[in-house]
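Colleague: Using only what follows, build the 3D model:
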Amino acid sequence: MINLFKTSPINICRLGRGILVLVALCTSFFIAIGQTGLKYIPSSAQIVVTVNLPSLDKKVNLDQLKQYDFFQATIKEMYKTPGLDEDTLQQQFLEKMLADPTSLGFDSKEPSYIVIEKVGFDSYTTLIQKMGDRASFEAAMQRLKGSSYIPYLIEYGEKRIWQNGSELFAWNNEVVMNIMHEKGYNPNEFDYGYDETVGYDSIDWSDYEYTDSTYEDVVIEENIEEMETLPSMDEKIESDSASFIFSDGDTINFFENDGTFDWVEEGPDTAAYAWALKLLEKDFPQSISKNAKFNLAKGRTDDIHFWLDYAIVTGSLSSNPAGGMVGTNSYAQAMAAMSGFMNVFYKDTYLSMGLNFENGRMAIRNQLFSNEDMKQFYSKALDAKFNKKFLRYVKGGDEMFGYFYLNYNVKNTIEETKSLLYKSFAATPQYGQLASDAMKILGIFIDEEAIGNLLKGDLMVSVSGMQTVEVKTKTFDYDADFNFTERDTTMLQTIPIFTAMASYGNGNDIQKFIDLGIHSNVLVKERNFYKVIIPNMESQNFFLAKHDGLLIFTNNQYLMQQNLETGFAKKLRLPKQHKKRLCKNGSVVYWNIPNTIKAAAGSQADSNIGLTGWMNNLGKEFHSFEMTTSKKVGDAVESEMFLNMTKNDMNALQQFFNFVNDVYLEMMGGAKI
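Modeller: Residues are numbered from 1 along each chain as shown. Okay, here's the model as predicted:
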C-alpha cells in the first residue's frame, strides 16, 4: 500500500505535488461516518478528523469526480513524478483505489479517521480505515509490496504489522492503520558543553592571530593544485561514503560508489511499532467516544469534521521539564511562565469544526469549549447590545462591498481579563507575586467603569461602494532640454467609500480628545463635523463626527454634509436579515463578492479572458461570505461561516468543482486534455 505519511525526501520527490492533490481529493471519498474506528482512538488524542462518505457520495461521487478535466490532469501529472512513473504496482493500486476501493478490501460504508496525538516530544499521525474484506486487502498488500511483503510482516494472532524502516501498516479484522511517527526536538538530549562561567576576557586570542604574508601567493595556489587532483563526478568513489542517520531509522548515503546518493532503509522505527501495537490492542484507559466534550460536539454528522484538543499546545509546554523549573535560568523561567499562562487560558479547551456542502452554500460551524474561567470571560465580554443607530449610516444596495462588526462589553472585558491575569500569575510563582503587585498598582490608574463609559466596545466598518473624487497631486512638465517645471494638478480618482462607527458614553470626555486633535492641527472644524488631516494624505478627504452617541469616521463627504442628522433613507439601508444577524451576534463579517469583483474589474467587468475572466467567473459562482459569533454562551462559544453560491438549487460541492474545472480550462487555453 502507498504510505501516505512517509516523510523521507525520496518519497516526497516520488509522489510530488500531484499525489498531494490526489490525496486531498480522494481522502474525502474514502471516509465514512460510523463507530468502529472510534474504539481504536485514545481519549487523549488531540486532533481527530472525520469525513462522511455517504453524504459526500450523494453530492459528487467518484464516477463524477473522474469526469472533471482538472482531476484527470492531476492523475496524469502524478504518474509523471520520478519513481512513480516506473512503479507500475503503485499505479495499478491507485487506479483500483479510484475505480473500486472495495476491491482492495476497504469498507467505504464505515468510518475512517485521521488522528494526531502528541506524546512527550514526539507526535503520532494515524490514518484509521474500516476493514472490509481482509483477504482482499492482504492480497492487495502482497501485490503492492512484492518480495518485501513477507520479510517485513509480523503476526500476533489476528493482528498484523508490516514495517519497513519508517513505513508502517497495522491491521486486524476490523481496521487498517497507517502510522507516521515524528520525533520531536528534546533539548535535554543534547549537551553542548557550554560553560556560562567562561568570559570573553578568558579566551587566549593568540591562537586566533591573523597573518596575511603568504595567503594569496601560497594558500590559494595550494588549494588549486589540490582541487585538480580530485576525481570527477563521473568517476566512481571507492572510499567510504558519507552518511547521515535520521531519527526514523533511515540513512542517506552520499556518493556511494556510482557518484550518486542512495536512500537506504535501516532498522525499524521501534516507537512507531510500539504505538501501532498499543492501538491494535486498545491498550489505553478509554476511547475518544468516552470523551464528554467530544460527544457534546455537533460535528458527528458533518460532511467533514475537525476536532482539536488544545492540550496539543499546553501539553507540549508541560512536558518540557524546563516548563516546571523555578530557578535562575532565564529559559526555564520563561517556559514556566508560558506554561502557567497557557494552562489558565487554554486548559480543558476544545474546538469542534464541521464543514457541510449544502444546496447553495458551504457551511462551517464551530464550537469552542472552554474551561469555567474562560466560559465566564466570554459570557461577560459578549454581554453587549447592538446599537441600532449604526444602521442609519450603513448603505446597502447593489454597490455595497460588505461590513465588519465587533461588540465586546469593555467594562466586563477589563474586569475578567484582570481576574485571568491574577490566576496566571499565581501559576508562575517565580514571576507571579511581583507581577501581581505591579497589576494592583496599575489597577489604581485603570478605571474600567470610566473606560467603559468612554467607549462602549462596539465597532462597525462598512464599505458601501465606490466614489470619484478630486485628488491634488504634483506633475512635471519638461522642455526640449529636459528641464522640468513642477505643477499642482487636480485629478479624478475612484476610491472605495468607507464608514467606521463606534458608540461612546460620556460625550464630555470624548470632546476632550477631539479638542486635543484640534489644538494639534489634526482636526479642522467644519459645520457640525471635523475634517481629518492625515500626514502625507492631505489631498484625501476624511471626516470625523461626534453625533448622537456615535463617533463616525468616513471619507463620504455626501454623508457628512447632507445626511449626518438622519442618516440614509430607510429604503437605502441594510435589509432586515442583516439587522437580525447584527442584533444576535457579538461579531459579524459580510462580504458581497460580485459587487467587489465588478468594481475591481471596472471596464472589463464582462471579460472572460485572463485574470479578469477568472475573477468574473468567481463572481458568477460565489455570491457572498458571512461569518458570525453568537453572543449566547452555553456549553461553548458558537460561530458560523457561510460561503453562499449563486445557484440555490445545486449542491455547493458540485458548484465548487465546476468552478475549479472552468478555471483549469481557462488556464490551459480552453482545451480539453
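Colleague: contacts and neighbour counts: CA atoms only from here.
Modeller: Fine.
Colleague: Output the contacting helices and strands for the helix or strand containing Lys96.
Modeller: Assigned by DSSP states H and E, Lys96 belongs to helix 88-99. When contacts are defined as 3 or more CA pairs under 8 Å, 6 or more residues apart in numbering; DSSP states H and E, helix 88-99 packs onto helix 62-65, helix 134-145.
Colleague: helix or strand right after the shortest one?
Modeller: Which is helix 62-65. As assigned by DSSP H and E, the chain's next helix or strand after helix 62-65 is helix 69-79.
Colleague: next one: the last one
Modeller: From helix 134-145 onward toward the C-terminus, using DSSP H and E, the following helix or strand is strand 153-156.
Colleague: Contacts for that next one next, please.
Modeller: Strand 153-156 has contacts (CA atoms under 8 Å, 6 or more residues apart in numbering) with 160-163.
Colleague: Dump those into a markdown table; add distance to Arg365, neighbour count and secondary structure as well.
Modeller: Output for the contacts of strand 153-156, formatted as a markdown table (distance: CA to CA, whole Å; neighbours: other CA atoms under 10 Å; DSSP: H, G, I helix; E, B strand; the rest coil):
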| residue | distance to Arg365 | neighbour count | secondary structure |
| --- | --- | --- | --- |
| Arg160 | 39 | 20 | strand |
| Ile161 | 38 | 21 | strand |
| Trp162 | 39 | 21 | strand |
| Gln163 | 39 | 23 | strand |
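Colleague: rewinding a little: okay, the helices and strands packed on helix 88-99, which one's buried deepest?
Modeller: Most buried of the helices and strands packed on helix 88-99 by mean neighbour count (mean count of other CA atoms under 10 Å) is helix 134-145; its value is a mean of 17.
Colleague: Who are the packing partners of that one?
Modeller: Contacts defined by 3+ CA pairs under 8 Å, 6+ apart place helix 134-145 against helix 88-99.
Colleague: which of the residues in the helix holding Lys96 are buried?
Modeller: By neighbour count on 16 or more other CA atoms under 10 Å, the buried set for helix 88-99 is 89-91, 93-94, 97-98.
Colleague: roughly how far is that helix from the heart of the chain?
Modeller: 32 Å (CA atoms, centre = their mean, to the nearest Å).
Colleague: quick one, that helix and helix 134-145 angle?
Modeller: Using axes from the mean of the first three to the mean of the last three CA atoms, to 10 degrees, the inter-axis angle of helix 88-99 relative to helix 134-145 is 140 degrees.
Colleague: pLDDT of helix 88-99, averaged?
Modeller: Averaged across helix 88-99, pLDDT comes to 76.
Colleague: partners of the following helix or strand past it in the sheet?
Modeller: Where DSSP H and E defines the elements, the next helix or strand beyond helix 88-99 is strand 113-119. Paired strands of strand 113-119, with direction, are strand 47-51 (antiparallel), strand 122-130 (antiparallel) (DSSP bridges).
Colleague: most tightly surrounded among those?
Modeller: Note that of these, strand 47-51 is the most buried (mean count of other CA under 10 Å), with a mean of 23.
Colleague: Centre of the chain to it, how far?
Modeller: 16 Å.
Colleague: got it, and stretch 171-188?
Modeller: In terms of CA atoms, centre = their mean, the centre of stretch 171-188 is found 23 Å from the chain centre.
Colleague: which residues are contacting that stretch?
Modeller: 3-6, 36-37, 121-132, 134, 158-161, 166-170, 247-248, 271-272, 276, 280.
Colleague: Across the sheet, point out what pairs with Trp307.
Modeller: Trp307 has these beta-bridge partners by DSSP bridges: Val48, Ser352.
Colleague: same question, Val175
Modeller: If you apply DSSP bridges, the partners that Val175 bridges to are Lys130.
Colleague: Check it and give its pLDDT.
Modeller: You'll see Val175 listed with a pLDDT of 95.
Colleague: Against Pro496, how distant is it?
Modeller: 56 Å (CA to CA, to the nearest Å).
Colleague: Could you do Lys531 as well?
Modeller: Applying CA to CA to Lys531 and Pro496 gives a distance of 18 Å.
Colleague: quick one, which of these two is more surrounded?
Modeller: Lys531 (22 against 16; other CA atoms under 10 Å).
Colleague: circling back: in TSV, list the contacts of strand 153-156 along with pLDDT and distance to Gly360.
Modeller: Converted to TSV, the contacts of strand 153-156 look like this (pLDDT from 0 to 100; distance: CA to CA, whole Å):
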residue	pLDDT	distance to Gly360
Arg160	96	46
Ile161	96	45
Trp162	96	45
Gln163	95	46
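Colleague: now those residues in CSV, with distance to Asn651?
Modeller: Formatted as CSV, these follow (distance: CA to CA, whole Å):
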residue, distance to Asn651
Arg160, 41
Ile161, 41
Trp162, 41
Gln163, 42
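Colleague: Surely Phe294 and Ser287 touch.
Modeller: No. Applying CA atoms under 8 Å, one finds Phe294 not in contact with Ser287, separated by 10.7 Å.
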